[in-house]
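# Here is my input; please provide its structure:
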Amino acid sequence: MNAIKADGQIYDEANPDSVTGADIVVGILSNNDGDAITLSLEKATGGLRKFYPNLKGVLVNSDCHSGDKAKELFLGTDHGVPKIYVSTPPDCTLKRTSFFNLMEVAHRLQPRVVLTLEARISTIKTSWIPRLASPILNNGASYTAPIYSRQFFDTPVTFLLTYPMFRAIFGRRIRHPNMGDAAFSGALNEILLEKTVWPTEDTYAACELTMQAVAVSHGPVFQSFMGDPRVGHVRRPIDVGTAEEFYSNLKTFYELMEIYPKNWLKVKNSRPTPILGADLKPEILAPRVMSITPETASTIIQNIARDSRELWDRHFTEFLPVLGKLGPDSLNKLEIDPEFWVRIIYKGALVFRQLEEPARDAMVRSLIPLFLLRLFNFYKLTCSLNSGQLMSITEDEALLFEKFKPDLTFAWKSMDHKV
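Numbering: from 1, shown residues only. A predicted model of the protein is given here:
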């Protein structure tokens, strides 16, 4: 297991106001977002001044050494709130580094609460500041996750994998794991920075799932309804990148299970997570466009299936009656039963423990065809069911993840005894 500790790399830093302490740190994560950062800066500043005028707020731009004018735009306008700018080295390609840098700055400032915002979000409001911060400042929470107004197909990986699996494995029902808009206590920041072991996957999804998994074992967690959809400056369609998102999320889960067995093996049932702001009237956008075509998906399925036959024969023998049918016509001929889906995802966790890289990577990728089938199966449902009906189906399937959790736990512990 090649897990890592938090390791920031601050290459460039500017602290024109000589800030040494804060009550609230609002971190704005940017990566070539000079055209967008002014909006996030304006809304974050407005939120601090309007809702927390008596607390010392600081804005921190944690940048991925952007080649645009993000630094100048961030520091160049006086909004009446102190600012700190930090960036990664020019050759740093690790996405998690900017998050680690933000935690390092927060460690120096010792705030009560740290907020994270993404520079590129076009729907951000000043009200997002208290909605994220208030559970920690007023309710003693260690972590706040956002809830957005979203159609089912806005985040298919969340609904098909992340939400039900996190719920079953770590025992808390948190609808939208997010690092781009979240909040955590100063105490949790110290734990994340000094004591947390992070998975090797270098994605924001890996960071947010790790932060959430650690948070639920270190204090109260809340969800806060944002009242608005979350939309970037470009609303991306659901494309082939969704398969990579599935791969990254699933591999992160498998690594977290290996890193933190004590955090999940004793979890028997999930618990609801309190929601603040549920009385807000939601704004719901139309579903994102499905741009991955059946032809493209079929080609991916066929290619991965061809390359995965030996792996499946060795490790997934009980699933071969279905896996053996994967091919160019799978989208027309196959539907993945929800129970089959849960069982093979859990079997993958057990296989993952037995392997080393690069075999681990190949094993997780070998499950992408099944995800694509699930994706298209559910896409067909969206044509005939409303969002409430789809939510009911996803809740039923989440219960299946919980139903088969004892089998996974037993098999996992049995592997420990054999070592």
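
# from here on, contacts and neighbour counts on C-alpha atoms
OK.

# Now do residue 359 against residue 182, distance only.
For residue 359, the distance to residue 182 (C-alpha to C-alpha, to the nearest Å) stands at 34 Å.

# Show me which of those two is the more surrounded one.
In this view residue 359 and residue 182 are compared by other C-alpha atoms under 10 Å, and residue 182 has more residues nearby, 25 against 13.

# per-residue confidence for the more buried one?
On the pLDDT scale, residue 182 is placed at 93.

# Where does the prediction get shaky in the stretch 251-400 of the chain?
279-287, 385-387 (pLDDT under 70).

# which stretches of the stretch 51-200 of the chain form helices?
Assigned by DSSP state H, counting those that start in this stretch, the helices in the stretch 51-200 of the chain fall at 70-76, 96-109, 128-139, 156-157, 163-170, 186-194.

# Of these, which is nearest residue 29?
Checking these against residue 29 by C-alpha to C-alpha gives helix 96-109 as the closest, at 7.0 Å.

# what's that closest one packed up against?
Contacts defined by 3 or more C-alpha pairs under 8 Å, 6 or more residues apart in numbering; DSSP states H and E place helix 96-109 against strand 24-30, strand 57-63, strand 83-87, helix 186-194.

# how far out from the middle of the chain is the first one?
Relative to the mean C-alpha coordinate of its chain, strand 24-30 is positioned 17 Å out (C-alpha atoms, centre = their mean, to the nearest Å).

# With stretch 61-69 instead?
22 Å.

# Pull out the buried residues from it.
Buried residues in stretch 61-69, counted by 16 or more other C-alpha atoms under 10 Å: 61, 62, 63, 64, 65, 66.

# What sits closest to the last one if chain neighbours are left out?
In other words, residue 66. In space, and not counting its chain neighbours, residue 66 is closest to residue 32: 4.6 Å by C-alpha to C-alpha, 6 or more residues apart in numbering.

# just the strands in the protein please.
For the chain, strands defined by DSSP state E occupy the ranges 4-5, 12-14, 24-30, 57-63, 83-87, 113-118, 143-147, 172-173, 182-185, 197-198, 221-225, 271-272, 275-276.

# Make JSON lines from those and add distance to residue 51 to it.
JSON lines is the format used below for the strands of the chain (distance: least, C-alpha to C-alpha, whole Å):
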{"stretch": "strand 4-5", "distance to residue 51": "35"}
{"stretch": "strand 12-14", "distance to residue 51": "26"}
{"stretch": "strand 24-30", "distance to residue 51": "12"}
{"stretch": "strand 57-63", "distance to residue 51": "11"}
{"stretch": "strand 83-87", "distance to residue 51": "18"}
{"stretch": "strand 113-118", "distance to residue 51": "14"}
{"stretch": "strand 143-147", "distance to residue 51": "17"}
{"stretch": "strand 172-173", "distance to residue 51": "29"}
{"stretch": "strand 182-185", "distance to residue 51": "16"}
{"stretch": "strand 197-198", "distance to residue 51": "34"}
{"stretch": "strand 221-225", "distance to residue 51": "16"}
{"stretch": "strand 271-272", "distance to residue 51": "28"}
{"stretch": "strand 275-276", "distance to residue 51": "17"}
